[in-house]
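predicted model and sequence below, questions to follow.
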Amino acid sequence: MFWTVVDSPIDPLLLVGDETGLRELQMEPHSPPTGAVRDDEALAPVAAQLRDYFAGSRTRFDLPLSPHGTAFQQKVWLALREIPYGRTTTYGQIAVDLGQPTASRAVGLANGRNPIAVIVPCHRVIGANGSVTGFGGGLPRKRWLLEHERSVLGGHGQEPSGLW
């Protein structure tokens, strides 16, 4: 495994990868996994796409990903990648989309264990009542990411209500 740190408007991000792709994106506080070596060049394509995203010139990531999780978590994380840029959805809607309409809590748990935030856009999932809810990186970062995407789209994204 290898790692690097990328500066971003939401604090430095730790990237961890292996031969198959990006495994983790951690927001501060963070620390590289034991035994991982720093390799900025190996993660340069990820860093470049993140810089483009934060600059407002990238709305979709095209990277090999290698998140580790259960089969259900993998399905949820794949569903997260289908949420359009600048839009939001709910845990319940993802459960319905997965054909498991009673699994909104399980979707929420899987969402909370997403190891590749921002790139696998768990920040685009909000509460059923439209509130901005839980985010491993903290609600201020989630709000920042949602507002960033809305502003890139010229304010034409779907605005969540509640805590906004």
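Right, received. Where do you want to start?

starting at the chain centroid, how far to the longest helix along the chain?
What stands out as the longest helix in the chain, according to DSSP state H, is helix 139-152. Relative to its chain's centre, helix 139-152 lies at 12 Å (C-alpha atoms, centre = their mean, to the nearest Å).

what comes up buried for stretch 126-145?
Ile126, Gly127, Gly130, Val132, Thr133, Phe135, Gly136, Gly137, Arg141, Lys142, Arg143, Leu145 (16 or more other C-beta atoms under 10 Å). Every C-beta, even on glycine, is put in place using the N, C-alpha and C of the backbone.

which residues of the chain fall in strands?
2-6, 13-18, 21-27, 37-38, 89-90, 125-126 (DSSP state E).

Phe61 touches Gln49, doesn't it?
Yes. Applying C-beta atoms under 8 Å as the test, Phe61 and Gln49 come out as touching, 5.4 Å apart.

need the overlap of contacts for those two.
Jointly contacting Phe61 and Gln49 under the rule C-beta atoms under 8 Å, 6 or more residues apart in numbering are Ile119.

quick one: low-confidence ranges for this protein?
155-164 (pLDDT under 70).

ok, back up a step: now the strands of the chain in JSON lines, with distance to Leu78?
Formatted as JSON lines, the strands of the chain follow (distance: least, C-beta to C-beta, whole Å):
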{"stretch": "strand 2-6", "distance to Leu78": "24"}
{"stretch": "strand 13-18", "distance to Leu78": "19"}
{"stretch": "strand 21-27", "distance to Leu78": "14"}
{"stretch": "strand 37-38", "distance to Leu78": "29"}
{"stretch": "strand 89-90", "distance to Leu78": "14"}
{"stretch": "strand 125-126", "distance to Leu78": "14"}
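
please identify the most buried of these.
strand 125-126 (a mean of 26; mean count of other C-beta atoms under 10 Å).

paired strands for that strand, with orientation please.
Next to strand 125-126 in the sheet, as set by DSSP bridges, lie strand 89-90 (parallel).

residues contacting Lys142?
His123, Val132, Phe135.

among these, which one lies nearest to Pro29?
Lowest distance from Pro29 to those (C-beta to C-beta) belongs to Phe135, with 15.3 Å.

dump the residue contacts of Ala128.
Contacts of Ala128 (C-beta under 8 Å, 6+ apart): Thr90, Tyr91, Gly92, Ser104.

ignore what I typed, I meant Gln49.
Arg58, Phe61, Asp62, Leu63, Ile119.
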